[in-house]
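Q: how would this look folded up:
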Amino acid sequence: MVKFPGKTVLIVDDDEDIRTAIKAALEDFEVTIKTTGNGNQAVDMIQQEVPDLLVLDQMLPGRSGFLVMEKIRPMRKETGKPPVIMITANPGARHKVYAETLGVDVYINKPFRMEKLVKAAEQLLSGETGKEKKE
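A: Prediction:
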């Protein structure tokens, strides 16, 4: 497995079990992992220190994943960071299209195979293009 020491991943999900599972799955990358369960707190954390990868739930208290994306959009246009994996329990195709228009790099429906998220994270942390955007 590729290592990414010095890189930071921010995991944003209101389900603590999901945050814990994703954190455990990404620890082998040797990245610094930060977590929160609140969209407003996520925006604050990103504005203080832009992570190298954002794993973002769509439905969050405080501010939805979509509203987080809208808030950080100017920064992403300027720097291209952070790349975003959006995870969601909402199966609607309309939501996926909207997420992509907001610049989400990878959109994954819950429940998902952790290997899929890990592979997407590895590609985005490596800076690989041609990212998969579908479930």
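
Q: and after the longest helix seen in the chain, which helix or strand comes next?
A: The residue-count maximum for a helix in the chain (DSSP state H) belongs to helix 65-79. Next along the chain after helix 65-79, taking DSSP states H and E as the criterion, comes strand 84-88.

Q: buried set for that next one?
A: By 16 or more other C-beta atoms under 10 Å, the buried positions in strand 84-88 come out as 84-88. The C-beta positions use only the backbone N, C-alpha and C, and glycine is treated the same way.

Q: where does pLDDT dip in the protein?
A: Filtered on pLDDT under 70, the chain yields the residue ranges 129-135.

Q: could you rerun that using 80?
A: Scanning the chain for pLDDT under 80 picks out 1, 128-135.

Q: what sits against residue 121?
A: 9, 26, 29, 53, 55, 85 (C-beta atoms under 8 Å, 6 or more residues apart in numbering).

Q: and it, how far from residue 31?
A: Separation of residue 121 from residue 31 (C-beta to C-beta, to the nearest Å): 9 Å.

Q: so what sits against both of the two?
A: Jointly contacting residue 121 and residue 31 under the rule C-beta under 8 Å, 6+ apart are 9, 53.

Q: roughly how far is stretch 95-109 from the heart of the chain?
A: Taking C-alpha atoms, centre = their mean, to the nearest Å, one finds stretch 95-109 lying 11 Å from the centre of the chain it belongs to.

Q: cool, thanks, signing off.
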